[in-house]
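> Structure, please.
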Amino acid sequence: MSAIGFIGVGNMGGPMARNVIAKGHRVRVFDLDAAALDRAVKAGAEAAHSPVELARGVECVVTMLPAGKQVREVYLGASGLLQNTNPDIYFIDSSTIDIDSARVVGAAAAEAGFDMIDAPVSGGVAGAEAASLTFMVGGPDAAFARARPILEAMGKTIIHAGPSGSGQAAKICNNMILGVSMIAVSEAFVLAEKLGLDRAKLFEIASKSSGQCWSLTSYCPVPGLVPAAPANRGFAPGFTAAMMLKDLMLAQDAASGAGAAAALGAHAAELYEAFARSGQGAKDFSGIINMIREG
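Next comes the predicted model:
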């Protein structure tokens, strides 16, 4: 089996690494968070003291980092992976970052002779734990084919969206739909409450009618209707409101740069910014129904 390195083993990267271990691969990990690193080691990983040390003796490095700044730092520059690792290694960046950073790092990797893909995910912590993530992949065909077996250890749906940066483009478009639709579902249930309509009846009707969507049938923000939804556990994430706000802002930046209209996406970003500013950023994003209910 392969030796795989993971840089970033927090809420998402940690369970992704554990699934790769479960498939029989040897895994080395690095994280600035000592607690996250310790959890990964207890799950069977080996700890490294730096990204460059981690990359020695592995065939693939998977990164799951907070933003484009950190991705650029890890890969580029004199102390980055591209300058200090064997060209036989290939890279999978599963961070959700701005498209420009993904394209810059992907181009630098190609110029240095490395295979690299941007492969952000959908499915949240539950999907990471269940190895049921969706990977949206950007990068050359050969790099995608090389990385696919490792992606299959962590996810169920793997889609090659196009050249470098296409995975990030797909992720932010998808999550703009998700953020907008969750607000629409929340507003509908709050309206139903005020009109005296039973929530279970609305769910039964809408889930079989034109209002059907993932935010309703898989992640309903009202407790008692979808057993696995965070609404049933006090809106513990899941996918935090702060992370949703980050993705909506990335979508707005991309829309501005591309000259695309995204008015509903902009309004969703404003609402999630207010929700996060109220101290709820660590709650699941579906908890925005509480802010909508309070008016």
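> got the buried residues for the longest helix seen in the chain?
With secondary structure taken from DSSP state H, the chain has its longest helix at helix 166-195. Along helix 166-195, these residues count as buried under the neighbour rule (16 or more other C-beta atoms under 10 Å): 166-186, 188-190, 192. Using the backbone N, CA and C atoms, a C-beta is placed for each residue, glycine as well.
> Name the residues of the helix or strand just after it that come out as buried.
The helix or strand immediately downstream of helix 166-195 is helix 199-206, counting by DSSP states H and E. Within helix 199-206, the residues scored as buried using 16+ other C-beta under 10 Å are 202-203, 206.
> Stretch 67-82 now?
Buried residues in stretch 67-82 (16+ other C-beta under 10 Å): 68, 70-72, 74-76, 80-82.
> quick check: mean pLDDT across the longest helix of the chain?
Average pLDDT, helix 166-195: 97.
> what angle do it and helix 199-206 make?
Angle between the axes of helix 166-195 and helix 199-206 is 130 degrees (criterion: axes from the mean of the first three to the mean of the last three C-alpha atoms, to 10 degrees).
> Helix 166-195: how far from the chain's middle?
16 Å (C-alpha atoms, centre = their mean, to the nearest Å).
> residues in contact with Val29?
Each residue near Val29 by C-beta atoms under 8 Å, 6 or more residues apart in numbering is listed here: 5-7, 9, 17, 37, 40-41, 45-48, 54.
> Give me the distance between the two termini of stretch 131-151.
End-to-end distance of stretch 131-151 (C-alpha to C-alpha, to the nearest Å): 9 Å.
> residues of it that come out buried?
131, 133-140, 143-144, 146-148, 150-151.
> and what of stretch 265-273?
265-266, 268-269, 271-273.
> Among those residues, pick out the one closest to Gly238, please.
Set against Gly238, the nearest of those by C-beta to C-beta is Tyr272 (13.9 Å).
> Just to check, the closest one is in contact with Ile288?
Yes: counting by C-beta atoms under 8 Å, Tyr272 touches Ile288, with 6.7 Å between them.
> anything in contact with each of these two?
If you check Tyr272 and Ile288 against C-beta under 8 Å, 6+ apart, the residues they both contact are Ala241.
> what about Thr57, which SS state?
Not quite, residue 57 is Gly, not Thr. Here Gly57 is coil, with the state taken from DSSP: H, G, I helix; E, B strand; the rest coil.
> Is Phe135 in a helix, a strand, or coil?
strand.
> domains of the protein?
3-163, 169-294 (automatic domain parsing).
> Go through these and pick out the most buried.
domain 3-163 (a mean of 20; mean count of other C-beta atoms under 10 Å).
> Run the chain-centre distance for that domain.
Worked out by C-alpha atoms, centre = their mean, domain 3-163 lies 12 Å from the chain centre.
> confidence score at Ala200?
98.
> can you redo the buried residues of stretch 67-82 as TSV with pLDDT, distance to Leu197 and secondary structure?
As requested, these are exported to TSV (pLDDT from 0 to 100; distance: C-beta to C-beta, whole Å; DSSP: H, G, I helix; E, B strand; the rest coil):
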residue	pLDDT	distance to Leu197	secondary structure
Gly68	95	44	helix
Gln70	96	46	helix
Val71	97	46	helix
Arg72	97	50	helix
Val74	97	51	helix
Tyr75	97	52	helix
Leu76	96	55	coil
Gly80	94	56	coil
Leu81	96	55	helix
Leu82	96	57	helix
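> contacting residues around Ala268?
Counting by C-beta under 8 Å, 6+ apart, Ala268 has contacts 176, 179-180, 183, 248.
> do you know how far it is from Ile99?
Applying C-beta to C-beta, to the nearest Å, the value for Ala268 to Ile99 is 19 Å.
> Can you pull out the low-pLDDT segments for the protein?
1 (pLDDT under 70).
> in it, what residue sits furthest out from the centroid?
For the chain, the residue at maximal distance from the C-alpha centroid (C-alpha atoms, centre = their mean) is Gly196, at 37.1 Å.
> Would you mind measuring from that residue to Met182?
24 Å.
> in this protein, which spans are helices?
Going by DSSP H, the chain shows helices at 13-22, 34-42, 51-55, 68-75, 81-84, 99-111, 124-130, 141-152, 166-195, 199-206, 214-217, 241-258, 263-275, 288-294.
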